[in-house]
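[1] Provided below for reference: sequence and predicted model.
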Amino acid sequence: MNKILVILTALLLLAVGVSQSVSQGKKSEQAKVTSQKQDVYSCPMHSEVTSDKPGKCPKCGMALVLREEKKKAADDPQTSLESSSAKEKIQQAQSLLADAKKELAQDGKYNCCIKDPCDRCALDHQSCLCAEDVKAGKSVCPDCYAGWQRGDGIVKGINAKKVKGSFHSHQHEH
């Protein structure tokens, strides 16, 4: 009888232990789910793009990062660049260039003459006055010239065949 009592007591203790373990496992799983729900991932370039899990930005394809990681990356841009893939670096450069062209346009320093505004003038001169140049019959940068030849010119009254391109030291007067 003592052996049966010892075995029953052992089984009871084992059952209680398993029950507590299962209960703690459920609590741990709930804590994990709660923790995951609190994580917010966002695009480094498009802060309005957020997710509760890692992934890619639907706008630019960059990896979504935890908001904390984004803050750390903002504190150290070099670390952020070093950890980015070549594709992400190019996308970031394109985004920065687009932002710079918008700023230049707002300051009256960027007025391109083609549908998809050129990059060359912004990169070479931090301005683009090709729209004024084409109106005045002056030559435009190679990117704008190529745009006109593709049919992408946007200045009304200008014949693409009459647009002149400058392939040597194109300069804008400021």
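    The structure has been received and is ready for your questions.
[2] Any stretches of the chain with poor pLDDT?
    Segments of the chain classed as low confidence (criterion: pLDDT under 70) are 1-37, 68-81, 168-174.
[3] Swap in 80 and give it another go.
    Applying pLDDT under 80 to the predicted model, the residue ranges of the chain that meet it are 1-38, 43-47, 59-62, 67-84, 167-174.
[4] show me where it has strands.
    41-42, 50-51, 65-66 (DSSP state E).
[5] what's the most buried one of the ones you listed?
    Ranked by mean neighbour count, those are led by strand 41-42 with a mean of 18 (mean count of other C-beta atoms under 10 Å). Every residue, glycine included, has its C-beta placed from N, CA and C.
[6] ok, and what's touching that strand?
    Residues from elsewhere that reach strand 41-42 (C-beta atoms under 8 Å, 6 or more residues apart in numbering): Val49, Thr50, Ser51, Asp52, Lys53, Pro54, Gly55, Leu64, Val65, Leu66, Arg67, Lys70.
[7] okay if I get the strands of the chain as CSV plus distance to Arg150?
    As requested, those are arranged in CSV below (distance: least, C-beta to C-beta, whole Å):
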stretch, distance to Arg150
strand 41-42, 36
strand 50-51, 38
strand 65-66, 37
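[8] could you show me where the helices are in the protein, in order?
    Counting by DSSP state H, the chain has helices at residues 2-38, 67-75, 77-83, 86-106, 120-125, 130-135, 142-150.
[9] Give the other helices and strands that the last one contacts.
    Meaning helix 142-150. In this structure, helix 142-150 makes packing contacts with helix 120-125, helix 130-135, judged by 3 or more C-beta pairs under 8 Å, 6 or more residues apart in numbering; DSSP states H and E.
[10] And for that helix, what's in contact with it?
    Around helix 142-150, the neighbours that count as contacts under C-beta under 8 Å, 6+ apart are 112-116, 118-121, 128, 130, 134, 139-140, 153, 158, 160, 163-167, 170.
[11] May I have it as CSV, with CA atoms only?
    As requested, C-alpha coordinates have been extracted for helix 142-150 and formatted as CSV (Å, rounded to 0.1, in the frame of the first residue of the first chain):
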residue,chain,number,x,y,z
PRO,A,142,22.8,64.9,-73.2
ASP,A,143,20.0,63.4,-71.0
CYS,A,144,17.5,66.1,-72.1
TYR,A,145,18.6,65.8,-75.7
ALA,A,146,18.0,62.0,-75.6
GLY,A,147,14.7,62.6,-74.0
TRP,A,148,13.6,64.9,-76.8
GLN,A,149,14.7,62.3,-79.4
ARG,A,150,12.6,59.7,-77.6
